[in-house]
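Q: Give me the fold of what follows.
(3 chains)
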Amino acid sequence: MSNGGPQRSSIFSGLLLIVLGVLFLLARFHPDLRIWHLFWRFWPVLIILWGVAKLVDHMSAQHSGDARPPLLTGGEAALLLLVVFVLAGMGIYTKVREKHPDMNIDMDLFKHKSSQTVELPPRTIPAGAHVTVTTALGGIVAHVGDGNDLRVSVTETAEAANEDAAADLIKSLKIVIEQTRDGYDVHPANQEENEGQVTVDFDVTLPKSVSLTANSRRGDVSISGLAGAVIVTTKTGDVEVHDIGSDVTAQLTKGDARIDNITGNVRIMGRGNEIEMNDVAGDATVQGEFFGPVRIRNVNKTTHYTSQAGDLTLSHLTGRLELDSGDISVSDVGGFAKLATHDKDIEVENVAGRLDIAGTHGDIKVTYAQPPREEINIANGTGEVDLTLPAKSNFEISAISRSGEVQSDFEAPSLKPADNNGSGSLTGKVGAAGPKISIVTSYGTIYLRKSS
Amino acid sequence: MNCAVHTNVEATGFCRNCGKALCPECTREVRGALYCEQCLAGLLSAPSALEPGKAEVNPGLAATLGIIPGLGAVYNGEYMKALIHVLIFAGLIAALSSDLPDSATAFVIVAFICFCFYMPIEAYRTARARRDGQPEPANLIDGGESRKPIGAFILIGIGVLILLGNFGLLQQEWLRKTWPVALILIGGFILWDRLKKNS
Amino acid sequence: MSDPTQPVCHCPYCKIRGLMGPLMIITVGILFLIGEYTRFSFMELWPILLIVAGVVLTARSLASKEGHLGS
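A: Coordinates of the predicted model:
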């Protein structure tokens, strides 16, 4: 005769824990199986398993005469809820990780860092050679040294769960200097396998005549002193290039760019934060979305700026171009200036050549210290136009505000203000023959001011 | 095993109340539960046993209060246990802020999290038992199936470790690598103790 | 506090139930040891705890409750 009555716990809890444990282990050691994605799609299987477990309980209870275990005890319900939260959390975590591969969600406490610096034997390379340095994770610093040697100093940092694993990762890493058709290629041989875990920082000393291509996915790049051309690409990182004797091309995805003293053309593309460019002997081109302050000074040839905020072309910028969160400001252009923007306030000073401004939404303010000698065309949508010219200027003006007035400091016999149903205008000549000035705005006041 | 009274007859059951082995003759069955005659008589004559006292106890509230160290036990009127809970909690935090090897810190964090779950669950179970008039569940602090006050041992252990750590005696390199052996020994000891009692 | 007059049950169910605690402690210790001496780490191996707990729970639910005492 056996005791009846006391209920056994269901077989479900135990099986659930075992299955969970196996799932987590598989997810960790066989990432190729993409366990969490499978879970996301096949979670009803767990419900089926639950039913099977309950069935087994029922049948074994009948067999041994014990009372039937209940469908769901309090403890089981709590466990189930906890499990659902944890698994959902893992699924979401994996999805987020995939969409933002650059996010670094790590628990530092549980990882161990190990680092070592290695100097590769120097290699003599011919003058004018082309060197490429690539690292998937890490920074690149390049500068010029005496002589004809390529000197590479590498700092490897590995992060792993414990010290031995970190040391293993570093040991398995090899840096190679490959000779290519036109130069040399410096890169780690198998960094991709340990993606995200080994940081390889390069410090490279080059002969001056060399041209360099530096590629980093996550890391800053800093290059100076070369006479040859420089190409930089980085995904998450800042770019700093100084004192280069030829063209500079930089491709960013996230970061700042600082470029100074380039005897050649500069081209910056992609997306990023701040740009600071000074002293460019050739053209300066910025193409893309850069959200931070953009400051460009002293570009000898033509400055091109193309982005969603607007298009600018300035010929022979001796002063500066500055784009801030809501403003564009240009000063001292030796040649022509062409600006087309939306939603920005514009401030322009001293353009020697032809000035064309097309805005849609913002105030435009133009100031000349010297009388204008070339055409000025300003077309605005919703916003004011404020033009200040020296008193002794000679010009022919046609200023129309479709829904606003025109106010002028200048007075001349042929200067005719008019008002047509709320649309103000001012046409006529001031002084002797001078350049044509045309100002049109849809909604806003036009000010024509005189400076002494 | 043989019946406690009729020592040459094979026992077919155990008294639910006192654990005595019973042969078919001695067995008194009430609603599927087996008793010996004495215990059954005792239960019948003690009216309080038939009407379990219902205390005004809310297990859900106990569980919520249990999140705060010691408060769950205080709700259940177990002041000594509350004090021990608070001390263990403080001890774990002190251990976290002292200088431990990385893996030990990880272990303390895990233990800390488990303890934070344990407190409300324990308060809940105790409150529910009190509400239903059942005997309180055996727990780590002052019993458990081996009757050893594990909670007190934990406290002493944490205290000793923190003391040693403060005197810099825990900085040895070998200790960094072999401390989990202590865990295994403790677990093994408890295991051996329970296995011994069970046979 | 737990009832001192309540005898300890020796049925297989309760025996296995009592093993859970010490087994968990031992498993944790073993996992940390493995973490210190091999290239694996506790952070990678902790699901083994779930598996051990699950095994004990499953064994417990399959054990007979013959001779069980108490509620």
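Q: how far away is the residue nearest the centre of chain C from residue B:29?
A: Centroid check for chain C by Cα atoms, centre = their mean gives residue C:20 as the closest residue, at 1.6 Å. Distance check for residue C:20 against residue B:29: by Cβ to Cβ, to the nearest Å, it reads 31 Å. The way it works is simple: take the backbone N, C-alpha and C, and place the C-beta from them, glycine included.
Q: try residue B:20
A: When Cβ to Cβ is the yardstick, residue B:20 and residue B:29 sit 15 Å from each other.
Q: Residue A:81 too?
A: According to Cβ to Cβ, residue A:81 and residue B:29 sit 39 Å apart.
Q: Please apply the same query to residue C:10.
A: If you measure residue C:10 against residue B:29 using Cβ to Cβ, the figure is 21 Å.
Q: Now do the contacts for the closest residue to residue A:189 other than its chain neighbours.
A: Using Cβ to Cβ, 6 or more residues apart in numbering or on different chains and skipping the chain neighbours, the partner closest in space to residue A:189 is residue A:174 (4.1 Å). For residue A:174, the contacting residues are A:188-190, by Cβ atoms under 8 Å, 6 or more residues apart in numbering or on different chains.
Q: so which of those comes closest to residue A:442?
A: For the contacts of residue A:174, the residue nearest residue A:442 by Cβ to Cβ is residue A:188; the value is 58.4 Å.
Q: Give the bridge partners for the closest one, please.
A: On the basis of DSSP bridges, residue A:188 is bridged to residue A:175.
Q: cool, and residue A:221?
A: The residues listed as beta-bridge partners of residue A:221 by DSSP bridges are residue A:140, residue A:239.
Q: per-residue confidence at it?
A: Among the per-residue scores, residue A:221 holds a pLDDT of 94.
Q: quick revisit: the residue nearest to the centre of chain C contacts residue C:54, doesn't it?
A: No. The criterion here is Cβ atoms under 8 Å, and residue C:20 misses it with residue C:54 at 10.9 Å.
Q: is it true that the residue nearest to the centre of chain C lies in a strand?
A: No. Counting by DSSP: H, G, I helix; E, B strand; the rest coil, one finds residue C:20 to be helix, located in no strand.
Q: Could you report the distance from it to chain A?
A: According to Cβ to the nearest Cβ, to the nearest Å, residue C:20 and chain A sit 11 Å apart.
Q: Report the separation between the nearest residue to that residue once chain neighbours are set aside and residue A:280.
A: In space, and not counting its chain neighbours, residue C:20 is closest to residue C:56: 5.0 Å by Cβ to Cβ, 6+ apart. Shown here: residue C:56 relative to residue A:280, a distance of 72 Å by Cβ to Cβ.
Q: Next secondary structure after the helix or strand of chain B with the lowest mean pLDDT?
A: Across the helices and strands of chain B, mean confidence by mean pLDDT, DSSP states H and E is lowest for helix B:47-50: a mean of 51. For helix B:47-50, the following helix or strand on the C-terminal side (DSSP states H and E) is helix B:59-65.
Q: How about that next one, which residues are buried there?
A: Residues of helix B:59-65 classed as buried under the neighbour-count rule (16 or more other Cβ atoms under 10 Å in any protein chain shown) are B:59, B:62-65.
Q: List of residues touching that helix?
A: With contact meaning Cβ under 8 Å, 6+ apart, helix B:59-65 is reached by B:71-72, B:74-76, B:120-121, B:123-128, B:131.
Q: near chain A, which residues of chain B?
A: Taking Cβ under 8 Å from any Cβ of the partner chain as the criterion, the neighbours of chain A within chain B are B:12-14, B:16, B:24, B:27, B:31-34, B:102-103, B:105-106, B:109.
Q: count of neighbours near the residue of chain B found nearest chain A?
A: Using Cβ to the nearest Cβ, the single residue of chain B nearest to chain A is residue B:32, 3.8 Å away. Using other Cβ atoms under 10 Å in any protein chain shown, residue B:32 has 11 neighbouring residues.
Q: What values do phi and psi take at it?
A: In terms of degrees, to the nearest 10, the main-chain angles of residue B:32 are phi 80, psi -10.
Q: Now do it, the pLDDT please.
A: Residue B:32 is assigned a pLDDT of 81 by the prediction.
Q: Same question for residue B:145.
A: On the pLDDT scale, residue B:145 is placed at 43.
Q: hmm, back to that, distance of the residue nearest to residue A:189 from chain C?
A: Counting by Cβ to the nearest Cβ, the gap from residue A:174 to chain C is 19 Å.
Q: Per-residue pLDDT of that residue, please?
A: Predicted confidence (pLDDT) at residue A:174: the value is 83.
Q: any idea how far it is from residue C:39?
A: Spatial separation of residue A:174 from residue C:39 under the definition Cβ to Cβ is 19 Å.
Q: Where is the longest helix in chain B?
A: helix B:102-132 (DSSP state H).
Q: For it, which helices and strands make contact with it?
A: Packing partners of helix B:102-132 (3 or more Cβ pairs under 8 Å, 6 or more residues apart in numbering or on different chains; DSSP states H and E): helix B:59-65, helix B:71-75, helix B:79-97, helix B:180-198, helix C:12-37, helix C:42-45.
Q: Report the angle between that helix and helix B:79-97.
A: Using axes from the mean of the first three to the mean of the last three Cα atoms, to 10 degrees, one finds that helix B:102-132 and helix B:79-97 are set 160 degrees apart in direction.
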